[in-house]
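S.K.: All I have is the shape, not the residue letters:
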């Protein structure tokens with residue numbers, strides 16, 4: 001790196017933490033994002049089956065931090081976020097136990113949650129379908145990156161690991177101060193089921209926290225304004241305990257079990273879905289967090305960020321990404 005050139009930064013993982021970090025570093029560094037999936041966004045990525053769309057991870061976001069509030073206002077102004085007015089209840093075998101008091105303002109991406117990450121990625125250099133398997137420290141400084149096929153992906157002055165906590169220990173060369181801290185984080189596993197139905201189910205709520213069921217959360221995807229479809233799309237998340245118990249089960253068995261659990265929880269007649277799919281979130285949410293915004297080792301110029309550092313929600317991932325960018329800018333200076 002010459003004195004006049006910008007330092008090269010590699011960010012592994014194009015979820016919200018990685019995208020936030022990359023966006024904040026614009027003008028300060030030459031940033032390259034690597035994402036193993038075919039989409040950016042991580043847990044806010046969408047799933048599309050023909051004409052049916054689902055937010056199959058996070059359904060909405062909430063705000064408590066002033067910095068994040070300013071960002072959400074910018075998203076609102078650009079039209080990629082709108083207030084989410086869904087009616088949330090607690091549900092126990094057809095009985096509505098507790099109604100949502102609507103005291104918390106919620107927002108959702110428009111026309112889907114992935115619109116947020118898509119806009120952020122539009123201003124970044126992102127290499128999709130590229131799984132980085134090795135980060136190799138160099139004696140002269142910096143890091144060399146190789147993907148899971150052994151292909152060389154470049155030399156970088158600084159590296160950010162914006163991945164699930166327990167994946168960090170799998171990268172050789174990561175200093176113990178970061179690897180050991182990440183290894184202390186426990187993550188839940190979650191089976192997610194996606195169903196569309198031809199006829200309205202006539203349920204009097206939009207989303208529900210489900211009690212005494214294999215399911216923990218169900219939510220109707222409200223779709224895009226201007227469309228008038230009679231069919232419904234529902235996202236269902238199994239509880240962490242149930243998901244772990246059936247972690248190795250066949251996908252078909254999971255699909256039927258969660259569909260049956262849905263009808264039982266809602267206490268309605270079964271209906272054959274038009275489309276159906278299941279997805280296993282192997283690193284769904286952190287059970288515990290570090291209690292600090294991010295990790296960074298100045299000596300080796302490598303760091304890690306994610307919601308597992310701060311709080312298990314969208315806001316936590318974004319704030320961790322901002323903090324990581326701040327640490328890198330200090331290191332650059």
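M.R.: Received it, and whenever you're ready, just let me know what you need. Given the structure is predicted, the values throughout are model-derived calculations rather than measurements.

S.K.: make it CA atoms for all contacts and neighbour counts henceforth
M.R.: Noted.

S.K.: Name the residues that touch stretch 110-126?
M.R.: 14-16, 19-20, 22-23, 31-35, 40-41, 44-46, 54-55, 58-60, 75, 79-82, 109, 223-224 (Cα atoms under 8 Å, 6 or more residues apart in numbering).

S.K.: swap in stretch 235-245?
M.R.: For stretch 235-245, contacts defined as Cα under 8 Å, 6+ apart pick out 54-56, 188-195, 214-221, 258, 262.

S.K.: cool, stretch 13-28 as well?
M.R.: By Cα under 8 Å, 6+ apart, stretch 13-28 touches 6-7, 11-12, 31-36, 40-43, 117, 120-121, 123-124, 126, 160-163, 305-307, 314, 317-325, 329.

S.K.: And it, how far out from the chain middle?
M.R.: Computed by Cα atoms, centre = their mean, to the nearest Å, the chain-centroid distance of stretch 13-28 equals 14 Å.

S.K.: what is the rounded mean pLDDT of that stretch?
M.R.: Averaging pLDDT along stretch 13-28 yields 97.

S.K.: buried residues in it?
M.R.: For stretch 13-28, the neighbour count (16 or more other Cα atoms under 10 Å) marks 13-25, 28 as buried.

S.K.: and the end-to-end length of it?
M.R.: Chord length of stretch 13-28, first to last residue, is 20 Å (Cα to Cα, to the nearest Å).

S.K.: Please check the contacts of stretch 13-28 and keep the buried ones.
M.R.: Of these, these count as buried by 16+ other Cα under 10 Å: 7, 11-12, 31-36, 40-43, 117, 120-121, 124, 126, 160-163, 305-307, 314, 317-325.

S.K.: where does residue 279 land in three-state SS?
M.R.: For residue 279, the assignment made with DSSP: H, G, I helix; E, B strand; the rest coil gives strand.

S.K.: most centrally placed residue in this protein?
M.R.: The centre of the chain sits closest to residue 43, judged by Cα atoms, centre = their mean, with a distance of 2.3 Å.

S.K.: And for it, nearest residue in space, chain neighbours not counted?
M.R.: Of all residues not flanking residue 43 in the chain, residue 57 sits nearest, at 4.9 Å (Cα to Cα, 6 or more residues apart in numbering).

S.K.: before we move on, back to that, identify, from the buried residues of stretch 13-28, the entry nearest to residue 246.
M.R.: Among the buried residues of stretch 13-28, residue 15 lies closest to residue 246 (Cα to Cα), at 26.5 Å.

S.K.: Relative to residue 121, how far out is the closest one?
M.R.: Distance from residue 15 to residue 121, by Cα to Cα: 10 Å.

S.K.: Tell me how far stretch 19-37 lies from the chain's centre.
M.R.: 16 Å.

S.K.: so who does the residue nearest to the centre of the chain touch?
M.R.: With Cα under 8 Å, 6+ apart, residue 43 has these contacts: 15, 56-58, 284.
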